[in-house]
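J.: My questions are about this predicted structure, shown below with the sequence.
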Amino acid sequence: MLRPILLATLVAGTLDILSAFVFAGMAGMTPVQVLTFVASGPFPAAAPTPGWAAIGLAVHYAIMVCMVIAYFLLAPRRPHLLDMPIRAGIAYGIVLWGIMYWIVRPLRWPEMPLPHTLWGISNALFSHCVLVGIPIALIAARHFMARRSAFA
């Protein structure tokens with residue numbers, strides 16, 4: 001099961017960070033600033049340097065592998081997640097968005113306002129649902145359905 005977890009982490013993690021670069025870039029932030037912000041979650045002293053950016057990228061993929069493992073642990077116990085991966089991926093993306101924006105961010109950065117514009121909410125939901133949730137759900141469904149048919 002390691003290969004599909006790594007694949008889902010690589011696909012969803014890469015799509016998500018590229019999305020962050022695009023949306024943050026539209027607001028004037030560089031990729032180094034984006035990755036430094038990610039690193040500042042567990043490392044508040046992070047500064048916008050290439051070294052901290054590398055740590056931020058590692059933190060990003062560490063978070064993503066946790067998201068993937070959680071789905072891979074849940075999916076075989078909930079067959080509807082495997083039967084309808086697009087719907088399940090969208091729902092999982094909404095759950096992840098809720099956790100990140102309503103729990104993680106306010107706890108770590110209480111002074112940072114939550115997205116409150118249609119644009120801010122939409123791009124965050126798009127990234128979490130379409131670029132993270134759906135790829136994870138599709139890769140999990142492919143993996144578990146192949147295993148299911150192998151045992152049938």
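T.: Happy to help now that I have it.
J.: Any stretches of the protein with poor pLDDT?
T.: Residues of the chain that meet the criterion pLDDT under 70 lie in 148-152.
J.: Run through the helices of it in chain order.
T.: Along the chain, counting by DSSP state H, helices occupy 2-26, 31-39, 50-74, 79-83, 85-99, 105-108, 118-126, 134-150.
J.: I'd like those helices as TSV, with mean neighbour count appended.
T.: In short, each C-beta sits where N, CA and C put it, glycine included. As requested, the helices of the chain are exported to TSV (neighbours: other CB atoms under 10 Å):
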stretch	mean neighbour count
helix 2-26	17
helix 31-39	21
helix 50-74	17
helix 79-83	14
helix 85-99	19
helix 105-108	12
helix 118-126	14
helix 134-150	18
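J.: For Leu57, which non-adjacent residue is spatially closest?
T.: Spatially, and ignoring its direct neighbours in sequence, Leu57 is nearest to Leu35 (5.4 Å; CB to CB, 6 or more residues apart in numbering).
J.: how about Phe37, what does it touch?
T.: With contact taken as CB atoms under 8 Å, 6 or more residues apart in numbering, Phe37 is in contact with Ala46, Gly56.
J.: Would you mind measuring from it to His60?
T.: 10 Å (CB to CB, to the nearest Å).
J.: returning to that earlier point: just confirm the residue nearest to Leu57 contacts Gly51, I think it does.
T.: No - the pair Leu35 / Gly51 is not scored as a contact, 10.3 Å apart, by CB atoms under 8 Å.
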